[in-house]
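S.K.: Need a 3D model of the following:
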Amino acid sequence: MSKVYILGGAQTDFERNWTKEGKNLVALLKEAVSDGFSNAEITFDDVIALNKENRVACFVGNFIAEQYVDQGHLGAFLTEVHPSFYGVPSARYEAACASSSVAIDAAITKIRSGDYDVAIVVGWELMKTVDSKIGGDILGRAAYYEKEGKGVELPFPKLFGRLADEILIKYGTDEQRFMDALAMISTQNYANAKRNPLAQTRKWFMSYEQARMRDTDTNPIVGGRLAVSDCSQVTDGAAVVVLASENFIKSRNIKDKPIVKGYGHRVAPMLFDKKIKDAESSPYILPWTRQAVLDAYGRSGLTVDDIDVFETHDCFTSSEYAAISAFGIAEPGKEYLAIEEGITAFDGKKPINPSGGLIGCGHPVGASGARMFLDLYKQVTGQAGKYQVSGVNNAMMLNIGGSATTNYVFVVGNE
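M.R.: Residues are numbered from 1 along each chain as shown. Okay, here's the model as predicted:
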């Protein structure tokens with residue numbers, strides 16, 4: 001199988017509110033693409049030259065701009081970024097919060113097939129155009145809206161609150177120990193975000209004591225057992241990654257770029273109740289998530305022992321908790337041990353979300369997969385700055401859409 005290289009990329013500052021700045025999606029895309037090209041060391045003239053030979057394409061990940069900014073036909077909007085995109089094949093990909101992972105998957109496939117030498121992936125979402133109640137309803141469309149979202153205030157906190165409930169039921173874990181583990185997940189992600197100059201919560205305060213004090217004025221409950229401290233952020237942002245073929249790498253004499261070593265993609269039942277029913281015969285609370293991880297390990301020829309750092313989809317602390325066993329870091333039902341022993345901490349044996357994750361870095365839903373993928377690139381190339389984990393050779397990410405309905409896993413590493 002032909003190799004796919006990562007040239008580089010960029011993300012926007014997830015702290016920003018683009019609506020308050022008076023800027024629209026074109027301004028967001030212009031900044032992200034320009035910064036991404038600069039990091040990847042390609043130019044708009046390169047795009048023009050490659051397009052003349054039909055060797056470049058664009059892949060846009062976005063969940064639901066039709067609701068947030070009243071706009072569809074998003075693949076074509078790159079022509080508003082720069083005239084070099086005129087004529088370049090470009091399309092939009094969608095899978096709820098895994099939308100830009102689908103775009104990455106399509107880009108990888110097109111390079112491996114030999115159709116293109118360079119693939120430009122852009123993931124983005126502008127979410128601060130509406131208030132939190134309307135935004136919660138919009139996000140409900142990542143679930144089965146008629147049955148799980150319509151008329152439900154903040155449906156996703158409730159769905160992932162139910163995941164927390166089901167974890168306790170399935171494994172019989174001591175409730176306080178479990179809730180303390182969730183509080184530590186929150187604390188670690190906020191602490192990691194303080195190292196990340198582009199993280200949304202880098203100036204925020206969160207302590208373990210604060211995260212433990214749920215159902216208070218400063219940390220109210222939002223769904224089941226989960227409080228505000230257990231939630232990812234409402235975020236504006238974009239992330240760009242540029243992928244290239246082996247032929248392009250050789251033609252430019254480019255050195256020391258990491259490759260995509262493996263991937264996994266599995267879809268679970270749409271309804272949360274059906275997911276839990278489906279999991280009854282499995283030791284895993286999210287068996288299709290686990291299978292996507294196993295697929296990525298199998299395709300890469302690696303095991304959990306070979307992975308030095310993880311980025312995971314912590315839309316809520318309960319989703320990161322379940323990911324710990326899905327990755328193989330802990331046995332199902334024993335995830336709390338990995339947290340208590342510091343294994344998943346920044347300086348632990350298997351650090352998770354040194355970027356701050358979705359809780360700390362931010363969660364512009366259509367951009368999160370691309371952002372995680374970009375952070376894998378940064379970690380394996382030593383470009384993560386203050387949140388760089390030492391000695392990273394291989395990195396893995398898990399990006400989910402809906403209530404762990406779409407599951408995407410990628411492995412990035414040095415050759």
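S.K.: Could you use CA atoms for every contact and neighbour count after this?
M.R.: Noted.
S.K.: just for the stretch 151-300 of the chain, where's the confidence low?
M.R.: Counting by pLDDT under 70, the stretch 151-300 of the chain contains no low-confidence range.
S.K.: which residue ranges form the helices in it?
M.R.: 155-171, 175-193, 208-212, 246-252, 272-278, 287-300 (DSSP state H, counting those that start in this stretch).
S.K.: The second one: which residues count as buried?
M.R.: Which is helix 175-193. Across helix 175-193, burial judged by 16 or more other CA atoms under 10 Å covers 178-193.
S.K.: between those residues, which is nearest residue 97?
M.R.: Closest approach to residue 97 among those (CA to CA): residue 189, at 18.8 Å.
S.K.: Skipping adjacent residues, who's closest to the closest one in space?
M.R.: Setting aside the residues directly before and after it, residue 189 is nearest to residue 356 in space (CA to CA, 6 or more residues apart in numbering), at 4.4 Å.
S.K.: wait, doesn't residue 234 sit right on residue 126?
M.R.: No: Residue 234 lies out of contact with residue 126 (CA atoms under 8 Å); the separation is 9.2 Å.
S.K.: ok, how many other residues are close to residue 277?
M.R.: 12 (other CA atoms under 10 Å).
S.K.: same question, residue 10
M.R.: Neighbours of residue 10 (other CA under 10 Å): 26.
S.K.: before we move on, back to that, number of residues surrounding the residue nearest to residue 189?
M.R.: If you count neighbours by other CA under 10 Å, residue 356 ends up with 31.
S.K.: For it, which residues are in contact?
M.R.: Listed by CA atoms under 8 Å, 6 or more residues apart in numbering, the contact partners of residue 356 are 188, 189, 190, 191, 192, 193, 194, 196, 199, 362.
S.K.: Check what pLDDT the residue nearest to the fourth one when sequence neighbours are not counted gets.
M.R.: Nearest residue to residue 191, sequence neighbours excluded (CA to CA, 6+ apart): residue 356, at 7.2 Å. In the predicted model, residue 356 carries a pLDDT score of 98.
S.K.: just to revisit the earlier point, residue 146: which of the contacts of residue 356 is nearest?
M.R.: residue 362 (27.5 Å).
S.K.: right, and that closest one touches residue 238 too?
M.R.: No: Residue 362 lies out of contact with residue 238 (CA under 8 Å); the separation is 10.8 Å.
S.K.: which one of the helices of the stretch 151-300 of the chain lies closest to residue 39?
M.R.: helix 246-252 (15.5 Å).
S.K.: any residues touching that closest one, and which ones?
M.R.: 2, 3, 4, 5, 117, 118, 255.
S.K.: And for stretch 321-340?
M.R.: By CA under 8 Å, 6+ apart, stretch 321-340 touches 167, 171, 173, 177-178, 181-182, 184-185, 283-287, 289-290, 293, 304, 312, 344-345, 350, 398.
S.K.: thinking again about what came up before, can you work out which residues contact both of residue 234 and residue 126?
M.R.: With CA under 8 Å, 6+ apart as the test, residue 234 and residue 126 both reach residue 364.
S.K.: so where do the strands sit in the protein?
M.R.: 4-11, 56-61, 90-93, 118-125, 221-223, 226-227, 237-245, 259-267, 309-312, 394-401, 406-413 (DSSP state E).
S.K.: Distance to residue 101 for those strands - can I get that in a markdown table?
M.R.: A markdown table is the format used below for those (distance: least, CA to CA, whole Å):
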| stretch | distance to residue 101 |
| --- | --- |
| strand 4-11 | 14 |
| strand 56-61 | 7 |
| strand 90-93 | 9 |
| strand 118-125 | 9 |
| strand 221-223 | 27 |
| strand 226-227 | 27 |
| strand 237-245 | 11 |
| strand 259-267 | 9 |
| strand 309-312 | 13 |
| strand 394-401 | 7 |
| strand 406-413 | 7 |
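S.K.: Which of these sits closest to residue 159?
M.R.: Between residue 159 and these, the tightest spacing by CA to CA is seen for strand 221-223, at 7.5 Å.
S.K.: on that earlier part again, could I get the helices of the stretch 151-300 of the chain in TSV, plus columns for distance to residue 9?
M.R.: Output for those, formatted as TSV (distance: least, CA to CA, whole Å):
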stretch	distance to residue 9
helix 155-171	30
helix 175-193	19
helix 208-212	33
helix 246-252	16
helix 272-278	35
helix 287-300	23
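S.K.: among the ones you listed, which is nearest residue 224?
M.R.: Of the helices of the stretch 151-300 of the chain, nearest to residue 224 by CA to CA is helix 155-171, at 4.7 Å.
S.K.: Flag every buried residue along that closest one.
M.R.: 155-165, 167-168, 170.
S.K.: same thing with stretch 64-84?
M.R.: Those buried within stretch 64-84 under the rule 16+ other CA under 10 Å are 64, 65, 67, 68, 69, 74, 75, 76, 77, 78, 81, 84.
S.K.: Now do that stretch, average pLDDT.
M.R.: Here the average pLDDT along stretch 64-84 is 98.
S.K.: Ends of that stretch, what's the gap?
M.R.: Length of stretch 64-84, first residue to last, CA to CA, to the nearest Å: 26 Å.
S.K.: Check stretch 260-273 too.
M.R.: Counting by CA to CA, you get 34 Å between the two ends of stretch 260-273.
S.K.: For that stretch, give me every contacting residue.
M.R.: 3-6, 143-144, 148, 159, 275, 288-289, 291-300, 403-413.
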